[in-house]
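> Sequence first, then the predicted structure:
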Amino acid sequence: MGATGHLGSRLVPELVAAGHQVAVLVRDSAQATLFPTNVLVHVGDATNPHAVREAVAGNEVVYFLVHSLDRPDFADVDREAAVVLAAEASAASVRQVVYVGGPRPDSPGLSAHLASRAEVGDVVASGRVPALVLQASMIIGAGSASFELLRSSARLTPWVPVPSWMHNTSRPVAVADVLHYLVAAADVPEPVDGVFDVLGPERLSYLELVQRCARVLRLPVRMPLPAPVWSHKLAAQVAGLVTPVSAAVAEPLFESLDHDLVTDGPPVTDVLPEPSGGLTSVDNAIRAAIEPEPEDTNGEVFTEERTVLTEASPEDVWRTVNTLGGKDGWHTIPLVWTVRGAIDHLFGGIGLYRGRAPEVGEGDVVDFWTVVHRDDDARHLVLRADMKMPGHTLLDMRVDREGDRTRYRQKVTFTADGLLGQLYWVAQKPLHDIVFATMARGIVRKACASP
């Protein structure tokens with residue numbers, strides 16, 4: 001149930017692809033065309049016992065993903081649907097119920113939204129069928145109301161109002177990771193009964209999330225403006241005017257930000273396997289939820305390559321390459337990238353100090369670069385420059401052996417955007433050569449000094 005929502009519409013094809021027979025309950029018969037022909041579609045309301053009885057009959061696992069936030073009486077509707085589901089699942093001898101709700105902060109005065117999510121979880125868990133209750137804060141994915149509010153907050157203006165609740169934190173999780181757990185729940189050998197937290201890889205405030213979204217969109221840092229009178233209702237009314245999310249839906253979501261949405265319950269990985277390759281980073285989750293921007297790569301290509309031989313081990317050189325940026329810097333002329341970043345920011349670019357995660361993979365951000373490719377076995381790293389310029393720049397770094405020494409190879413490729421791009425390359429080439437030559441030598445020097 002809830003098969004046409006943000007999670008349900010993605011879960012159905014994933015279950016089909018995994019080889020499961022799937023049945024769904026929808027309110028409108030016209031919605032049957034949304035599903036593959038091998039999905040059994042039942043039509044009816046989730047609060048109607050007869051409709052739910054028909055939908056759950058013969059099914060071993062039932063997913064309850066109903067969420068009526070677009071209705072003023074959403075708490076009553078969702079509670080009634082949960083009561084019906086618990087009763088009918090028991091009567092149909094369903095083996096497992098799976099529900100996705102929100103976190104339960106350990107603080108008084110829960111918002112109506114969080115209180116409703118917790119109540120529905122309790123109703124589902126009180127039934128006779130084992131219930132796997134998953135608690136997630138923001139699920140990052142296109143179409144999620146929470147994510148659409150986040151994306152709009154980052155895109156619309158260079159300033160962002162910052163009431164006190166913008167500093168409360170959560171553990172946002174990629175929709176792909178949530179779907180992984182939901183599909184895995186269909187294959188557990190024994191039914192699971194309990195409440196488990198679905199946690200993303202980082203704890204971030206809502207303001208930090210806005211800044212993360214801006215940097216993935218290649219926008220400058222959003223300027224925070226103290227806003228002590230920026231109430232939930234006012235924020236929701238503005239959101240209703242300038243975002244795809246209605247004010248009625250936005251207000252209870254903003255109210256939920258009055259709490260830190262991080263709890264200390266048992267993690268879902270206690271009962272379900274973690275996604276292969278680990279959790280999706282916040283940056284990559286945001287990037288996957290945003291339509292990619294096409295890049296013109298048909299211009300004239302300029303390349304510049306240099307090689308440095310060193311007595312340092314390949315492992316030490318590769319380790320140095322993989323710690324570039326952030327607090328460790330770029331091992332080149334002091335302040336040169338700081339000045340370049342300030343100029344970029346002045347002209348509306350992303351600037352320099354976007355930071356970096358301790359361990360980065362493809363799609364992650366390293367200051368003003370994005371990781372395009374990383375291969376630890378081949379010791380090969382490719383970064384794409386995100387600063388404003390009339391063209392596209394790639395920085396290709398490789399580490400390998402040459403006899404009994406280590407060879408560090410560094411290649412810059414610039415694809416010019418027309419005549420302006422060609423002039424840009426010529427104009428900056430003298431300084432470019434000094435900066436990148438210094439950087440290559442600095443990387444090797446740092447590797448030699450490694451303990």
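Arrived safely.
> and the residue most central in space within the chain, what pLDDT?
Central residue of the chain (CA atoms, centre = their mean): A285, 2.4 Å from the mean position. Note on A285: pLDDT of 90.
> next one: R354
The model's pLDDT for R354 equals 68.
> Same question for R215.
So R215 comes in at 81 (pLDDT).
> How about the contacts made by it?
R215 makes contact with 221, 283, 350, 354, 365 under the criterion CB atoms under 8 Å, 6 or more residues apart in numbering. For the C-beta atoms, the positions are set from N, CA and C on the backbone; glycine is no exception.
> Distance check, it against L150.
13 Å (CB to CB, to the nearest Å).
> Equivalent analysis for G58, please.
G58 is 40 Å from L150, by CB to CB.
> Kindly report the same for A447.
According to CB to CB, A447 stands 39 Å off from L150.
> and the two? which has more neighbours close in?
A447 (25 against 22; other CB atoms under 10 Å).
> my guess is that one contacts T320, does it?
Yes: taking contacts as CB atoms under 8 Å, A447 lies within contact range of T320: 4.5 Å.
> picking that back up, is the residue nearest to the centre of the chain within a helix or a strand, and which one?
helix 282-289 (DSSP states H and E).
> Heading C-terminal from that helix, find the next helix or strand.
As assigned by DSSP H and E, the chain's next helix or strand after helix 282-289 is strand 301-310.
> Contacts for that next one next, please.
317, 402, 405-416, 425, 432-433, 436-437, 440-441, 443-444, 447-448.
> Repeat that for stretch 138-156.
Here stretch 138-156 has contacts from 6-7, 10, 69, 160, 170, 172-176, 178, 200, 206, 209-211, 213-214, 217, 219, 222, 239, 242-245, 249-250, 253-254, 261, 282, 285-286, 288-290, using CB under 8 Å, 6+ apart.
> Mind listing what's buried along that stretch?
138-141, 144-155 (16 or more other CB atoms under 10 Å).
> How far away from the center of its chain is it?
Offset of stretch 138-156 from its chain centre (CA atoms, centre = their mean, to the nearest Å): 10 Å.
> Figure out the length between the terminal residues of it.
From its first residue to its last, stretch 138-156 covers 20 Å (CA to CA, to the nearest Å).
> could you give the mean pLDDT of that stretch?
Stretch 138-156 comes out at a mean pLDDT of 84.
> How about stretch 325-340?
85.
> Alpha carbons of that stretch, in PDB - could you do that?
The C-alpha trace of stretch 325-340 is given here as PDB (Å, rounded to 0.1, in the frame of the first residue of the first chain):
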ATOM      1  CA  GLY A 325      42.200  19.300  -0.800                       C
ATOM      2  CA  GLY A 326      40.400  20.200   2.400                       C
ATOM      3  CA  LYS A 327      42.700  20.900   5.300                       C
ATOM      4  CA  ASP A 328      45.700  19.300   3.600                       C
ATOM      5  CA  GLY A 329      45.600  21.700   0.700                       C
ATOM      6  CA  TRP A 330      47.100  21.200  -2.800                       C
ATOM      7  CA  HIS A 331      50.800  21.300  -2.200                       C
ATOM      8  CA  THR A 332      51.400  24.300  -4.500                       C
ATOM      9  CA  ILE A 333      52.000  28.000  -4.300                       C
ATOM     10  CA  PRO A 334      50.500  29.300  -1.000                       C
ATOM     11  CA  LEU A 335      47.200  31.200  -1.400                       C
ATOM     12  CA  VAL A 336      47.000  30.800  -5.200                       C
ATOM     13  CA  TRP A 337      43.900  28.600  -5.100                       C
ATOM     14  CA  THR A 338      42.400  30.800  -2.300                       C
ATOM     15  CA  VAL A 339      42.700  33.900  -4.600                       C
ATOM     16  CA  ARG A 340      41.300  31.900  -7.600                       C
END
